[in-house]
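With the sequence up front, the predicted model follows.
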Amino acid sequence: MARALRIWLVLLTVSAAVLFAALAFGSSPIALADLPRLLFAPDGSVASEVVHNLRLPRALAAFGTGGLLAVAGALMQVLLRNPLADPYVLGVSSGAAVGALGAMVIGLGAGLVQLGAFGGALLSIVLVFAIAHRDFARVSATGASDTAPRLLLTGVILAAGWSAVISLMLTLAPEAQIRGMLFWLVGDVAGADSFVVPLLVLAVVLLVTYPLARELNVLLRGPAVAASLGVRVVPLRRTLYVVASLASAIAVTTSGNVGFIGLVVPHALRLAIGNDQRVLLPACALAGGTLLLLADTAARTLVAPQQLPVGVITALVGVPTFLFLLTARRGR
């Protein structure tokens, strides 16, 4: 436990440093020495308004979204026993994109666009879970082998279908709306209306999954081995699927399609600190939130005052990082 606390403390310290950097840097830089005063004793100045009304809510939304994506990625990799699984593998993000883009095409407001995204994500969850529920019931009744490949294939096919619908929407959408639709598709934290929901859901996800960490460690050895050791495999896998899917849905609803966080962060941490879920899950929440916050800060500052979609930054960083991690893993 002492080792876990040290790891979490280091990650928490890095998170705090990146948060301060996010509040200080931007098109109107703020001195780091002035941040504590502006944060805890706002004086109504322009700098104080920028910190409290613009940068702090956006930074917290980015942190909550990144934490949700990383934890969901770790859970999906346990559920599917596949290190290449990520939060979007079951079509949740594509379904959310269809809901959001549909709301944009109709001309609804930002709040209803997020509601449409959440509705599309929930629809994907229901469709995949309807098939998964039948498979889980079959496994429970017959003792059949692992159904993770079938669940993965179902998600991939559903995502492909949603992608076709997205392409159709982009083709038929008015030209004035295409830019906003593309920003949403590649991820944009600037559109987040609230940071409370992703942070609250992240806390709930950790509270639900952390007591199951020992069982998750056993499940990684396979459902047959886990069942022989007393793990209730079917209820556990249902819980993992629902929690990871809802976490992904909230993340996508908040910030659009932000890739690679749920794939790279669990991989990197697994190489650095091991695969004990008791340590890994909270570490993923901190590291995922920090990484997306750092990427969003770069997206705001690299070509300021113009802002880049944060999904572009995560992709540009995520692809070479993941290739390096694969190479390092093969070398080890």
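Here it is on my side, so go on.

ok, residue 201 touching residue 249?
No - the criterion here is C-beta atoms under 8 Å, and residue 201 misses it with residue 249 at 9.3 Å. (C-beta placed from N, C-alpha, C; glycine too.)

the more surrounded of these two?
residue 249 (28 against 21; other C-beta atoms under 10 Å).

How about residue 322, nearest residue that isn't a chain neighbour?
residue 264 (5.3 Å; C-beta to C-beta, 6 or more residues apart in numbering).

so that neighbour touches residue 320, yeah?
No - Residue 264 lies out of contact with residue 320 (C-beta under 8 Å); the separation is 10.1 Å.

thinking again about what came up before, the host helix or strand of the residue nearest to residue 322 - contacts with which helices or strands?
Assigned by DSSP states H and E, residue 264 belongs to helix 261-273. Applying 3 or more C-beta pairs under 8 Å, 6 or more residues apart in numbering; DSSP states H and E, we find helix 261-273 packed against helix 56-80, helix 277-301, helix 310-331.

change it to 10 Å
helix 2-24, helix 56-80, helix 233-255, helix 277-301, helix 310-331 (3 or more C-beta pairs under 10 Å, 6 or more residues apart in numbering; DSSP states H and E).

Deepest in the core, which of those is it.
helix 56-80 (a mean of 28; mean count of other C-beta atoms under 10 Å).

Number of residues surrounding residue 182?
Neighbours of residue 182 (other C-beta under 10 Å): 14.

Which of the residues in the one helix or strand it maps to are classified as buried?
Residue 182 is part of helix 175-186, with elements assigned from DSSP H and E. For helix 175-186, burial by neighbour count (16 or more other C-beta atoms under 10 Å) applies to 180, 181, 183, 184, 185, 186.

Output those as CSV; include the columns distance to residue 60 and pLDDT.
Below are the buried residues of helix 175-186 laid out as CSV (distance: C-beta to C-beta, whole Å; pLDDT from 0 to 100):
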residue, distance to residue 60, pLDDT
180, 23, 76
181, 26, 82
183, 20, 77
184, 20, 76
185, 23, 82
186, 21, 81
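
out of those residues, which one sits closest to residue 29?
residue 183 (24.6 Å; C-beta to C-beta).

Nearest residue to the middle of this protein?
residue 69 (1.6 Å; C-alpha atoms, centre = their mean).

for that one, what are its contacts?
86-88, 93, 198, 202, 247-248, 250-252, 255, 258-263, 265-266, 284-285, 288-289, 291-292, 314 (C-beta atoms under 10 Å, 6 or more residues apart in numbering).

Looking at it now. What's its pLDDT?
Residue 69 carries a pLDDT value of 93.

can you check the one 3 residues further on too?
Here, the pLDDT recorded for residue 72 equals 92.

contacting residues for it?
85-88, 92, 202, 205, 240, 243-251, 261-262, 266, 284, 288.

do residue 181 as well
Taking C-beta under 10 Å, 6+ apart, one finds 97, 100, 101, 104, 105, 113, 166, 169, 170, 173, 174 in contact with residue 181.

Looking at these, state which has the most neighbours.
residue 100 (31 neighbours).

so where is the stretch 101-250 of the chain shaky, pLDDT-wise?
The stretch 101-250 of the chain contains residues with pLDDT under 70 at 110-111, 132-148, 193.

so can I have TSV of the helices and strands packed on helix 261-273 showing distance to residue 161?
Converted to TSV, the helices and strands packed on helix 261-273 look like this (distance: least, C-beta to C-beta, whole Å):
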stretch	distance to residue 161
helix 2-24	37
helix 56-80	20
helix 233-255	17
helix 277-301	28
helix 310-331	22
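
By mean pLDDT, show me the worst of those.
Lowest mean pLDDT within those: helix 310-331, at a mean of 77.

what packs against it?
Using 3+ C-beta pairs under 10 Å, 6+ apart, helix 310-331 sits against helix 56-80, helix 175-186, helix 261-273, helix 277-301.
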